[in-house]
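A.B. asks: Sequence and predicted structure are below.
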Amino acid sequence: MSRIQLDRLHKTFQRHVAVRDLDLTIENGELLVLLGPSGCGKTTTLNCIAGLEMPTSGRVLFDDEDVTAASPHQRNIAMVFQSSLLYPHMTARQNIRTSLAKQKLDRGETDRRIAEASSVLGIDALLDKLPSQLSGGERQRVATAKAIVRQPTAFLLDEPLAALDAALRLTLRAELVNLQKRLGTTMIVVTHDQVEAMTMGDRIAVMNEGRLEQIGTPDEIYNRPATLFVAGFVGSPPMNLIAGEIAAQEGRTPFVAGDLAFVPGTPIGAVGPATLGVRPQHLHIQADAAEAAIPVTVFAVEHLGRESVVILEDDESNKLHALVEPGFAGRVGDRLHAAPDPAHCLMFDQAGNVLSHAEPEAGGAP
Amino acid sequence: MSAAQRTAELSNLRFSLLLALPVLVFLLLVVAYPLGYALWMSLHEISFFGGYKATFVGAENFSDVIDDRKFKKSLWITVRFTLESVALAMVIGLLIALVLNRKMRFAGLVRTIVILPWCISLYGTGVIFSNLAKGQTGIGTAIAYALGFDEAVNVVNRQWVIEVLAVGNAWNMAPLVAFFLLANLKTIPSRLYDLAAIDRMSRLETFLNVTLPPLRFTLFVFTCITTVLSMKLFDFIFVLSGGGPGTASSTLTYRIYKESFKDLDLGYGAAMSFMLLALILGTTLLLYAFWGRREARSI
Amino acid sequence: MRIRLSTIWSWLALAVVVIWTLLPIYWFLKNSLLTPDEIARFPQPLYPLEPTPAAFFNIFGFEYEMADGLVRRGSGQANQIIRGLGNSLIVSAVVTVVTLFVVLPLAYVFARLDFPHKNKLLFAILLAVALPPVSTLIPFYAMYVRLGLSGTLVGLIIVTLTITIPFVTWMLIGYFRNLPQVERLARIDGFSRFETFVKIIVPLGRSGVAVAAVIAFLFSWNEYTYALLLVNGTTANTLPTAISGFLFQHPEPSHLAAAVVLTMVPPALVAFFLQRHIAEMNLVDPVR
């Protein structure tokens, strides 16, 4: 168990900067998800924590001890790689045993741990099979067993569920979280899937272009995104982002975009180009025109059962998403109006930083 | 690298050096040293009679080679032999691959038979084809007699000896070509053939549009390989025709052998060797420039 | 009807392929089973009328009594053949082992690691594959004559390595490159780089290693040019050079054929293995 700190971690490959001066603390026993699009530096960050990659500058600390130069094995971390990489020529049991090859344990203890790990993951029947004889989910379980027998200081998982089908992903991610909570071991999961991040993480660190955009609980990331990038990346269907301008008018500061003139719930001091963000559940559809509503055409209606997603198109062909009751009767081509809920709107400045929250709060990090 | 960045593990570079350096030194010894020595020899007149003696003659060996009519003839024989060998090996290799590319019983046995010629030595191939093509023992004679003629059919003659050599060489090389083309063929999804059928492509169109494109890079590489192999071929020719009849099949390799080891003119032979090496490298570069570069880009 | 027709065509095509492959071999090998009487005939029979294994005994120096009481004497070349067989086995075995020791680390390093000037060195290996044996032989020959290495097994082994090492390296680079990235796994498990190579990569790539061994053995077993010029007529002669004796001195077709059959035994034994695994070797684009 340990607390992991990254101190101004910087990594460049030739001329490409993969991770840019990253400061990050992962608390003891926490499950942190590193979330971001591909190429954002999240896997490089994980590799630096693992010791597979040497940072160009900066330090990695485990429980305040500098391990930047230590080998992965000295750090005693366990790692599960993309598509559950295993040694293809070894059986599941041999794969798990190899984790302990350098642990100097006696044979009895090794066998006991393998038995325990395989019963925890329910893979007893698979131990003598080769990875090529296992399904994707089974391989994932074996890879996890290989990780836990080590009794490591931290689990590092690189897109552990990416290669699996949707139903299996749902089961396995719950299993992983359950396991982590029972063992109480620090875990870092890298993923590009925001649903996976929201469902698994105690906290989520959103990365983009080598930088940390925001770190916080799933609730904070979803409801109080610190940047335009986080707002757009997290949430499904995605948040509606409307580019416009904050105008100065007789004491009010309305947001203006085309026909829309809209007064946010909280007053904003700044004036200039800005982006309005509103989640689909807070974009209300109405038949009548209004100053605070955008004229739109129905582009598509997706019935999800419990609710429906309406995809709308404004006059500049920008797509907007709205969540509606399942009884929504609109048809493709209907002319309607979409009104953002002033109480649940976010404003971002030109640099992409948030200007206000429905409940104002300073900064993103807790 | 700063001191703080020294890791507990070996870096790529140090590990590579540790593992590969001794080997590279060895390779340098057995490849670069003889090559350098050959270069040195090509600039000398070397005699063995009355003790080993080397006299520096500059580029004389090279200019002698260029003026040598026998060299020009050998050059032409090499080019003709190579062209025929490569064309035959590629076409036969492709045909074998197409024939093998379907589900069949005893596939393992058939494939074992097909690869056999490649496993057999080149001198063995030489003996086999000499037996097959010469008048005394040849299959041509046997067939002629079976059909009622009574004349020996000998194709190891001035006119046809190079074609006999090319066929034997192709017989030996084609299996390798076939196996690698076959591996490529197996990666073509059968859906693509369904699509071609839906688009009502003829057999030829299907071959050109579905089968051939994924093979093209392999075809290029093996054209290079078979070209190089044919140009450097010696033992097969030595056994089958001994460069004859007369000098009808004296390829460059055979001439180099004769100048160096029969006439013991090592400097002259070395100079000719460099000509051959230049021919081999030049041809591969040309193949790359006019064909390979396009294929490499299209992948 | 259509399906039938195409089936017939494809069987026919298969038959042509098999005949193309086997006919030359058959035409030669039948000689080994012919009686002296049949050999003397012109034209020779299409198949042995009274197949006799006499030649196979004769080439090892044994007499063979035919059915009609005629005794066929052992070949005068028998000593050469037996010694050649022994030498060929020694040379091939040593070459195979040395090639593997040299090539496995070399190919691994080129396939999986990055270091400066890698592509230039790779080009040097390809160049070595393209060198004609007759050309490389000239300096070796001159060198050996002066060092007293001509006519020795050691000398022959060294030059044979100049063929096997570059080719097998080239072959294995592509194979190693296609193995999964297990090095990361091994680092997490605490293996040193060297242990990773020896304990993980080599066992993982064992079929490639086996192909490499087989190819190295075949190349050196089949090698004739070097043997012809370096050890022919000496005590270090190999099987192919011993066979040359039949070829140019005493035309004895059944003995020649039997001896050549002998040289084909190892190739025939490995053919089944090779047809399964040869295409795993990435000859086509080892560099990319």
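C.D. replies: Cool, the structure landed. Numbers count the residues shown, from 1 in each chain, chains lettered A, B, ... in the order given.
A.B. asks: which SSE is residue B:117 in?
C.D. replies: helix B:107-119 (DSSP states H and E).
A.B. asks: right, is the helix or strand following that helix up against chain C?
C.D. replies: Under the assignment DSSP H and E, the closest C-terminal helix or strand after helix B:107-119 is helix B:122-133. Yes: using Cβ under 8 Å from any Cβ of the partner chain, a contact is recorded between helix B:122-133 and chain C, made by B:122, B:123, B:124, B:127, B:128, B:129, B:131, B:132. Quick note: C-beta positions are derived from backbone N, CA and C, even for glycine.
A.B. asks: Just the CA atoms of helix B:122-133, as CSV, please.
C.D. replies: Output of helix B:122-133 as CSV, limited to C-alpha atoms (Å, rounded to 0.1, in the frame of the first residue of the first chain):
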residue,chain,number,x,y,z
LEU,B,122,21.9,-27.1,-55.5
TYR,B,123,24.6,-29.6,-56.5
GLY,B,124,22.0,-32.3,-56.0
THR,B,125,19.7,-30.3,-58.3
GLY,B,126,22.5,-30.0,-60.7
VAL,B,127,23.0,-33.8,-60.8
ILE,B,128,19.3,-34.4,-61.1
PHE,B,129,18.8,-32.1,-64.0
SER,B,130,21.9,-33.2,-65.7
ASN,B,131,20.5,-36.7,-65.6
LEU,B,132,17.1,-35.5,-66.7
ALA,B,133,18.3,-33.4,-69.7
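A.B. asks: Measure how buried the residue of chain A found nearest chain B is and give me the count.
C.D. replies: With Cβ to the nearest Cβ, the shortest gap between chain A and chain B falls at residue A:71, namely 4.4 Å. Using other Cβ atoms under 10 Å in any protein chain shown, residue A:71 is surrounded by 17 other residues.
A.B. asks: Now do the helices in the stretch 1-150 of chain A.
C.D. replies: A:42-50, A:72-75, A:92-98, A:107-121, A:136-148 (DSSP state H, counting those that start in this stretch).
A.B. asks: Nearest approach to chain C belongs to which of the ones you listed?
C.D. replies: With Cβ to the nearest Cβ, the closest approach to chain C among the helices of the stretch 1-150 of chain A belongs to helix A:72-75: 3.3 Å.
A.B. asks: Name the surrounding residues that touch the closest one.
C.D. replies: With contacts defined as Cβ atoms under 8 Å, 6 or more residues apart in numbering or on different chains, helix A:72-75 is touched by A:50-52, A:62, A:67, A:79, A:102, A:153, B:8, C:187-190.
A.B. asks: now swap in stretch C:25-37 and tell me
C.D. replies: Stretch C:25-37 is contacted by residues B:116-117, B:120, B:127-128, B:131-132, B:137, B:139, C:39, C:44-45, C:47-56, C:66, C:72, C:253-254, C:256-258, C:260-261 when judged by Cβ under 8 Å, 6+ apart.
A.B. asks: do that again at 6 Å, thanks
C.D. replies: B:128, B:131-132, B:139, C:48, C:50-52, C:55, C:253-254, C:257-258, C:261 (Cβ atoms under 6 Å, 6 or more residues apart in numbering or on different chains).
A.B. asks: Counting neighbours, which bits of stretch B:73-83 end up buried?
C.D. replies: Neighbour-count burial for stretch B:73-83, counted by 16 or more other Cβ atoms under 10 Å in any protein chain shown, picks out B:74, B:75, B:77, B:78, B:79, B:80, B:81, B:82.
A.B. asks: Among the residues you listed, which one lies nearest to chain A?
C.D. replies: For these, the nearest to chain A is residue B:82 (41.7 Å; Cβ to the nearest Cβ).
A.B. asks: which bits of the stretch 151-288 of chain C sit near chain B?
C.D. replies: C:162, C:193, C:222, C:224-225, C:229, C:240, C:260, C:263-264, C:267, C:271-272, C:274-275, C:278-279, C:284 (Cβ under 6 Å from any Cβ of the partner chain).
A.B. asks: any idea where the helices of the stretch 51-200 of chain B begin and end?
C.D. replies: Along the stretch 51-200 of chain B, the stretches classed as helices by DSSP H, counting those that start in this stretch are B:60-67, B:69-100, B:107-119, B:122-133, B:139-146, B:161-185, B:190-198.
A.B. asks: Now tabulate these in TSV and tack on mean pLDDT.
C.D. replies: Formatted as TSV, the helices of the stretch 51-200 of chain B follow (pLDDT from 0 to 100):
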stretch	mean pLDDT
helix B:60-67	86
helix B:69-100	94
helix B:107-119	91
helix B:122-133	91
helix B:139-146	83
helix B:161-185	93
helix B:190-198	89
